[in-house]
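Visitor: Here is a sequence together with a model predicted from it:
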Amino acid sequence: MNEEKEQWMEDVFQSMKGSRRAQPRPTLLAKIENQIAAAKMIPLQKWRYAVAAAALLLFVNVAALLIYQNTGEARSEVAAADAYSESLISSFQIYE
Amino acid sequence: MTQYRPEILQNDFLDNDLQILQAIASGRQQAFRMLYARYADRVYNIALSYTKNAEDAEEIVQDVFVKIHKSASMFKGQSAVKTWIYRIAINATLNYLKKQQRFTVFKSTFSRTKSVEFNHPGVLLENKENAARLYQVIDGLPDSQKTAFILSYIEDLPRKEVAHIMETSLKAVESLLHRAKRDMRIELEKIYPHRRKIKK
């Protein structure tokens, strides 16, 4: 009884010996190639995001440049005013 | 539509796996077809042994070959191409099953009962009954034992090659197989009284 059971178990373990390999459907290769080709193309949606990101970047840069220019002008006005008041102060020195 | 014709492709310009992989990396479609002709069946059978479902296995084959195509240029040659492909196939299959398990948490017990009766399409007629029992008890094994068993007893690979694929030692593979058989024996004991006797 035990020997028979042992033999059966061993037969179960070896049951795939000599079997043929199963094969996928012949159309699978074409399906894979299509998926690879599709992955190579950048979808329109991604292009839209890329263009939007580039436009945003350009806008931020232009804005930063304008702000810098404005603050530069303001700074030079302040500097001119400082120079004027400095000369004013120097000309009003009482203990010279 | 492209036809799958391994008999034509295998007689083509490249005869070694590494050359084929390099050709794939440089964008030669014919090389990809050659590699597919060489390994699609192996990958499919590995996936089929784990999933026991032809559609799931095909989905895994698709995933594996897309990965191979994507990472062909990154292959460093630290192992044989065959070993590398087996590793990709096993990882892809285990990941696929994990994803499926997460999904079935929300579903009923349907998938469990679906996997019990599986008849491998390539099995010899006289072994059909025993093979069905084998697939039934393989199900309960932990992943590492299952992988060692599938590669050794179903794929019929030498133990040394199994060790390379699993990135472990020969001793570790033997130990995994010993434990796998011990665990499967416990399950087979339960089935034994209900088995169908086959006249030889």
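Guide: Perfect, I can see it now. Residues are numbered from 1 along each chain as shown, chains lettered A, B, ... in the order given.
Visitor: drop to CA atoms for contacts and neighbour counts, all remaining ones
Guide: OK.
Visitor: close to chain A, is the host helix or strand of residue B:136?
Guide: In this assignment (DSSP states H and E), residue B:136 forms part of helix B:128-138. Yes. Contact of helix B:128-138 with chain A (CA under 8 Å from any CA of the partner chain) involves B:128, B:130-131, B:133-134.
Visitor: which strands and helices sit next to that helix?
Guide: Here helix B:128-138 touches helix A:2-13, helix B:170-191, going by 3 or more CA pairs under 8 Å, 6 or more residues apart in numbering or on different chains; DSSP states H and E.
Visitor: After it, which helix or strand is next? Please name it.
Guide: Next element after helix B:128-138 (DSSP H and E): helix B:143-149.
Visitor: list the buried ones in that following helix?
Guide: Applying a neighbour-count criterion of 16 or more other CA atoms under 10 Å in any protein chain shown, one finds B:145-149 buried in helix B:143-149.
Visitor: Where does pLDDT dip in chain B?
Guide: B:1-15, B:105-116, B:196-200 (pLDDT under 70).
Visitor: First-to-last residue distance for stretch B:147-165?
Guide: In stretch B:147-165, first residue to last residue: 10 Å (CA to CA, to the nearest Å).
Visitor: which residues touch it?
Guide: The contact list for stretch B:147-165 (CA atoms under 8 Å, 6 or more residues apart in numbering or on different chains) reads A:13-14, A:16-17, B:42, B:45-46, B:49, B:83-84, B:86-87, B:90, B:166, B:169-170, B:172-174, B:176-177, B:180.
Visitor: Are any of those residues buried, and if so which?
Guide: Buried among those (16+ other CA under 10 Å): A:13-14, A:16-17, B:42, B:45-46, B:49, B:83-84, B:86-87, B:90, B:166, B:170, B:173-174, B:176-177, B:180.
Visitor: and stretch A:36-51, how far out from the chain's middle?
Guide: Centre-to-centre, stretch A:36-51 and its host chain are 14 Å apart (CA atoms, centre = their mean, to the nearest Å).
Visitor: most tightly surrounded among the helices and strands packed on helix B:128-138?
Guide: helix B:170-191 (a mean of 17; mean count of other CA atoms under 10 Å in any protein chain shown).
Visitor: now the angle between helix B:128-138 and that one, please.
Guide: 110 degrees (axes from the mean of the first three to the mean of the last three CA atoms, to 10 degrees).
Visitor: Counting by contacts, list what helix B:170-191 packs against.
Guide: Helix B:170-191 makes packing contacts with helix B:128-138, helix B:143-149, helix B:159-165 when contacts are defined by 3+ CA pairs under 8 Å, 6+ apart.
Visitor: Dump those helices into CSV; add distance to residue B:187 as well.
Guide: Converted to CSV, the helices and strands packed on helix B:170-191 look like this (distance: least, CA to CA, whole Å):
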stretch, distance to residue B:187
helix B:128-138, 6
helix B:143-149, 14
helix B:159-165, 24
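Visitor: Nearest to residue A:33, out of the ones you listed?
Guide: Residue A:33 sits nearest to helix B:159-165 of all the helices and strands packed on helix B:170-191, at 26.6 Å, using CA to CA.
Visitor: Only the buried residues of the closest one, if you could.
Guide: For helix B:159-165, burial by neighbour count (16+ other CA under 10 Å) applies to B:159-165.
Visitor: Please, which helix or strand holds residue A:73?
Guide: Assigned by DSSP H and E, residue A:73 falls within helix A:44-91.
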